[in-house]
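Asker: could you look at this predicted model? Sequence included:
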Amino acid sequence: MSESNDIPNRVDRLENDVIDLKVAVSALISTTEVHQRNFETMNRNIEAMLQLMAQSLERMEVMESEIRGLQTENRRILDFLQQRNTDGDA
């Protein structure tokens, strides 16, 4: 008889356990959604940073080319001035 008297208590506990499980699952789903949104935001930020880095690299390559051109021009001017200086001494 004690088992049959205990059935309502057991059912109540099972129902409470099911409610607890539903709450836990709901919390896990919410946490997963937050993490997913954070991941997507981080991914967009990383993509934006990569684009900025690519643009910066392109600008640096242009500047490097311009610097090389200036160096070449400076060498030509220096050679011209040295040649003129040598011709003037003679």
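Answerer: That came through fine.
Asker: from residue 21, how far out is the one residue sitting closest to the centre of the chain?
Answerer: The chain has residue 46 as the residue nearest its centroid, 2.2 Å off, counting by Cα atoms, centre = their mean. Computed as Cβ to Cβ, to the nearest Å, the residue 46 to residue 21 distance reads 37 Å. All C-beta spots, glycine's among them, are computed from the backbone N, C-alpha and C.
Asker: what do you get for residue 82?
Answerer: Using Cβ to Cβ, we find residue 82 at a distance of 89 Å from residue 21.
Asker: which stretches of the chain have low pLDDT?
Answerer: Within the chain, the stretches with pLDDT under 70 are 1-4, 89-90.
Asker: would you map the helices across it?
Answerer: Secondary structure of the chain (DSSP state H): helices located at 2-89.
Asker: so how many other residues sit close to residue 74?
Answerer: Neighbourhood size, residue 74 [other Cβ atoms under 10 Å]: 10.
Asker: please apply the same query to residue 37.
Answerer: Other residues within reach of residue 37, judged by other Cβ under 10 Å, total 10.
Asker: please apply the same query to residue 13.
Answerer: Neighbours of residue 13 under the rule other Cβ under 10 Å: 11.
Asker: CA atoms of stretch 37-51 as CSV?
Answerer: Backbone C-alpha positions of stretch 37-51 (Å, rounded to 0.1, in the frame of the first residue of the first chain) are rendered in CSV as follows:
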residue,chain,number,x,y,z
ARG,A,37,25.0,36.3,-32.3
ASN,A,38,28.4,37.1,-30.7
PHE,A,39,30.2,34.7,-33.1
GLU,A,40,28.5,36.3,-36.1
THR,A,41,29.4,39.8,-34.8
MET,A,42,33.0,38.7,-34.3
ASN,A,43,33.1,37.2,-37.8
ARG,A,44,31.9,40.5,-39.3
ASN,A,45,34.4,42.4,-37.3
ILE,A,46,37.2,40.1,-38.5
GLU,A,47,36.1,40.4,-42.1
ALA,A,48,36.1,44.2,-41.8
MET,A,49,39.6,44.1,-40.2
LEU,A,50,40.9,41.9,-43.0
GLN,A,51,39.5,44.3,-45.6
